[in-house]
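Visitor: Mind looking at a prediction? Sequence and model below.
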Amino acid sequence: MTVRRDFQESARCRPDLVIGREELFGAAREQLRSGGSVLLHGPAGIGKSTVLRAIAAEYGRTARTVLRCSATESESHLPFLALADLFGLVLDEVADRLPAAQRDALESALTGRGEPTLRDGLALRLAVLSALRALAADGPVLLVADDMQWLDAASAELLGFAARRLGDTPVQLLCAVRTEGQEYDRFLKSSPPDTLAVRLGPFTRTQVSALLDHRGYTGLSRSTVRDIHRTSGGNPLFALELGRALAENPTPPRPGEPLPVPTSLRTLVLNRLDMLSEEARRTLLVASVGARPTQALLHAAGRDNAEAECAQAAALGLLSTDPEGPTVRFAHPLISAALYAEAPAHERRAAHAALSTAASDPIERARHLALATTGTDPKVAARLAEAAALARDRGAPSVAASLGLLAARHTPVGSVPGGDERRLQAAEDAITAGEVDLARDIAREVLTRATVPAQRVRAWMVVIESAGQALGDVDAAFPQVLADAGDDPRLLAQVHYQLAWRALVVEGDFAEAREEAAHAAELAARAGDRRSELMALSFQASTETLMGHPGAPETIKRALKEPQDPYVACHHNGAGSARFRWLLMSDQLPEARTVITSLLREVQRRGMVESEVHFQRFLADTELRFGHCGRALDLARESLRLARDSGMGVGASAMLTSLAEASGGDVDKALALAKEAAEHAEEDGDQMYLSLALAALGYAHLVAGDAQSAVVALRRVRELEQGLGITDPARGRWQGDLAEALVAVGETGEAQDVVDTAREHALRLNRESMLAVLDRSEALVRAARGDLDTAVAQLTGVQDRLAKLGYGLEEARTAFALARLRVRSRTPGQGGTPAGAMSFDEAARLFRRCRALPWLRQVEAAAAAGPTAPPKPAGERESALAGLAAMERQVAALVMEGATNREIAARLFISVKTVEATLTRVYRKLGIRSRVDIVRLAAGHHGR
């Protein structure tokens, strides 16, 4: 008999589990697979039951018998209740196999009938042990127990007795228990000796955001998610309850106010708050609104007995002691939020008023003054605007945005500056802080009533900026903002700067983007708007660099000319960033690293989140070119984490992290990230980043050993960049990978064409490292055609050139290619040792130095495999497709493999309609009628 209850329902809980619990879920699963037991522990609401049910639903399918119990506090006084839950349905199955005394004892405990003495002593303990052994004799047994802290004492003692004596019997325990700290030890004593204790920790902010989205609480701003994470302490149950309360509350809290706490959470702490004296409760209320409350601050706020009242709260578990000083800390952020939510409005204002004079920080004083004041007040508004400027200077744009909104709310109608001016400044601060949803909402609100052209254009700029790479989503804004700008050159300069971005991102037209940027710079110079002029010149310089335009160095000089604007100087689209790109693509790696490191430090100091995301990525790219794969991977992962957290630059960071994973981490992760980056670019209509994402995908396929898939992805990159007008091979550096993959699949002619085309531009632009990489690819072509000696000599020179330029990973890849050729040529080395074997050692050494683990595994596999035959030229299938364009050949080739139109669209990153249109052209050119004829045509060529 198999007992499996509620496992279909448990399986439905799995979607929540995968948010932030993948690693511990894997550890628990491996422990169970190895025959061990698992004890999940953590505080209330942390997700133990969810994880327990999901693991049981998955692993329970492998057990013949699953026994389950879930205790509750209200029933914990009932003896043997958990025992009845576990064995009640299997008693008939095991009763006949138990000795009479044990059977009577177990039946008496489960039914309550018989002499009470039967339910005591050794017989009952042995009965539980024997019952488990009898069930295990028929197959594995899984015992699932949730909320063990509420297990009745009698059942807990019996299970502990049996668990310690099961030995090799195939009985495993999967249990969950509520704990605070490390007191799970006593529950381990009631578990088998090989039990793995797994503590469930709090969620990160990113995981809380994903959980809220999964449960349908979408549309929350980044600052709101941050507040939910802080108030919940990362507890998923608390976070969901706070999210639900916000979704149901039509009036959001004012900036600076704590979140509303629903009644379901207040009850967790209010019973302890009710035990406080009234004065102690008021002292804690003052502490709850302070940013960093201390005993001294509470005294300054008029709480004369703060020490004694805090001690009373600590004794009740409301406060935690601070061993390092007099800081007042709540035991959980929820206690502070619940205390504030329960307080009457006049008491809240009184607490804020006390701190508006007691706090030492001017920003903190201004915030409390605003929350203590009702209605409009020009003096309060001015104080708040000054505090916002101070926060901006300190590198806290998120705080500045919050204070700016408070200033706008307290600004009387008709004041100068007006409320909408302060709202727009708050929106721009929110953009800097990465809170794009908040910024967009503020700007849209201003647009509903603003009539002044400058205000309207400023608001439209925020709306467009908040779209990020998805500029196609705000196409309708451009005609309106052009109309609002009229013939004002200062306003038109801002609009044409955004039109330059639209031309690049949406249209993929570098030439138009350059012209729009130059026009914006000219307009800004005419209007005396130096900031807009510098931003436009920086954009023009970056575009020219990517195009391989000869005017790029001169434009960079113009963008770096004094006077400079501090904001533009460190912006990710500013002059410093343009200079970095030029240095990187010109192979000046040390100088590029110095520039980008300095820029990263400055934007971190200023709190410019979006710029930090990009500069982390730029630094990772630089380290990757140096061959510092471990360092690059750490930086790329941090960039991606920050991008996901802020919702800015996710696609670009996923692309670079894919390159770093393929070079020094996990190739499967690299493939997944590259596909994610391509999907982001497709959704945003961003052709420029789509080509980079597909280049990363092709590289990951190449590292994974799938040359054919690499060719498919990289051919698509070539077509995209030809359409975009990108000619500089140093921009994406994919040409060498495509040529290498083409050689691997036997397309040596096409590989040489790729090399020749890229070399022409690399020579024109003096891209030394790219010339070396292209020479490596050409050597592989020569080797595939049988000219091994020339290929070996060419690769030897390439390795030396790359080493001098500082490209460590490319140097190692060249050494690897050289080793493979030497093995094929069987060139003797010193002492008669094959030179190939020695070269593999050299390649492995260089890859270890780079921490390029995926490449190192390739070296080890190649060294173990020995000599391999050179790739053969493409065969009859390709000749059947002669005369077709590149995309038509790719589609037809996939049809020959049996791929459906949808599968072809997915592999080539095109739409199904594009596949259908391409096939129509293929049929017409080949004189056939259907996809079946393509296969027959290929078969006919093969037969001949």
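Guide: Yep, that arrived. Numbers count the residues shown, from 1 in each chain.
Visitor: pLDDT score assigned to Met838?
Guide: Met838 carries a pLDDT value of 64.
Visitor: for Val609, same thing?
Guide: On the pLDDT scale, Val609 gets 83.
Visitor: now do Arg514
Guide: pLDDT at Arg514 comes out at 93.
Visitor: Contact partners for the closest residue in space to it that isn't next to it in sequence?
Guide: Using CB to CB, 6 or more residues apart in numbering and skipping residues adjacent in sequence, the residue nearest Arg514 is Thr543, 4.8 Å away. Where you see a C-beta, it was placed from the backbone N, CA and C, and this is true even at glycine. By CB atoms under 8 Å, 6 or more residues apart in numbering, the contact set of Thr543 is 500, 504, 510, 513-514, 517, 549.
Visitor: Which of those fall in helices?
Guide: Mapping the contacts of Thr543 onto helices (DSSP state H) picks out 500, 510, 513-514, 517.
Visitor: Mind giving me the ChimeraX select for those residues, buried ones only?
Guide: A single ChimeraX command selects the buried members of the ones in helices among the contacts of Thr543 (16 or more other CB atoms under 10 Å):
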select :500,510,513,514,517
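Visitor: Closest one of the ones in helices among the contacts of Thr543 to Gly808?
Guide: Distance to Gly808 across the ones in helices among the contacts of Thr543 (CB to CB) is lowest for Phe510, with 31.1 Å.
Visitor: Touching, the closest one and Gly725? I think so.
Guide: Yes. Using CB atoms under 8 Å, Phe510 is in contact with Gly725, at 4.8 Å.
Visitor: Spell out which residues are contacts of both of these two.
Guide: Common neighbours of Phe510 and Gly725 (CB under 8 Å, 6+ apart) are Met547.
Visitor: Which residues are in contact with the nearest residue to Glu445 once chain neighbours are set aside?
Guide: Excluding the flanking residues, the one nearest Glu445 by CB to CB, 6+ apart is Arg423, at 7.2 Å. Arg423 sits next to 404-405, 408, 442, 445-446 when contact means CB under 8 Å, 6+ apart.
Visitor: Check the offset of the helix or strand that Arg423 is a member of from the chain's centre.
Guide: According to DSSP states H and E, Arg423 maps onto helix 419-433. Put simply, helix 419-433 sits 27 Å off its chain's centre (CA atoms, centre = their mean, to the nearest Å).
Visitor: C-alpha coordinates for it, PDB please?
Guide: Taking Å, rounded to 0.1, in the frame of the first residue of the first chain, the C-alpha atoms of helix 419-433 are listed here in PDB:
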ATOM      1  CA  GLY A 419       5.500  72.300  -7.500                       C
ATOM      2  CA  ASP A 420       5.800  70.800 -11.000                       C
ATOM      3  CA  GLU A 421       9.400  72.100 -11.300                       C
ATOM      4  CA  ARG A 422      10.200  70.300  -8.100                       C
ATOM      5  CA  ARG A 423       8.400  67.200  -9.400                       C
ATOM      6  CA  LEU A 424      10.400  67.100 -12.600                       C
ATOM      7  CA  GLN A 425      13.600  67.400 -10.600                       C
ATOM      8  CA  ALA A 426      12.500  64.500  -8.500                       C
ATOM      9  CA  ALA A 427      11.700  62.500 -11.600                       C
ATOM     10  CA  GLU A 428      15.200  63.200 -13.000                       C
ATOM     11  CA  ASP A 429      16.700  62.100  -9.600                       C
ATOM     12  CA  ALA A 430      14.600  58.900  -9.800                       C
ATOM     13  CA  ILE A 431      16.000  58.200 -13.300                       C
ATOM     14  CA  THR A 432      19.500  58.600 -11.900                       C
ATOM     15  CA  ALA A 433      18.700  56.200  -9.100                       C
END
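Visitor: Now whatever helix or strand comes next after that helix: buried residues?
Guide: Per DSSP H and E, helix 419-433 leads on to helix 436-447 as the next helix or strand towards the C-terminus. Across helix 436-447, burial judged by 16+ other CB under 10 Å covers 436-443, 446-447.
Visitor: need these in JSON lines with pLDDT and distance to Glu602, can you?
Guide: Formatted as JSON lines, these follow (pLDDT from 0 to 100; distance: CB to CB, whole Å):
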{"residue": "Val436", "pLDDT": "84", "distance to Glu602": "22"}
{"residue": "Asp437", "pLDDT": "83", "distance to Glu602": "26"}
{"residue": "Leu438", "pLDDT": "87", "distance to Glu602": "24"}
{"residue": "Ala439", "pLDDT": "90", "distance to Glu602": "22"}
{"residue": "Arg440", "pLDDT": "90", "distance to Glu602": "26"}
{"residue": "Asp441", "pLDDT": "90", "distance to Glu602": "29"}
{"residue": "Ile442", "pLDDT": "93", "distance to Glu602": "26"}
{"residue": "Ala443", "pLDDT": "94", "distance to Glu602": "27"}
{"residue": "Val446", "pLDDT": "94", "distance to Glu602": "30"}
{"residue": "Leu447", "pLDDT": "94", "distance to Glu602": "32"}
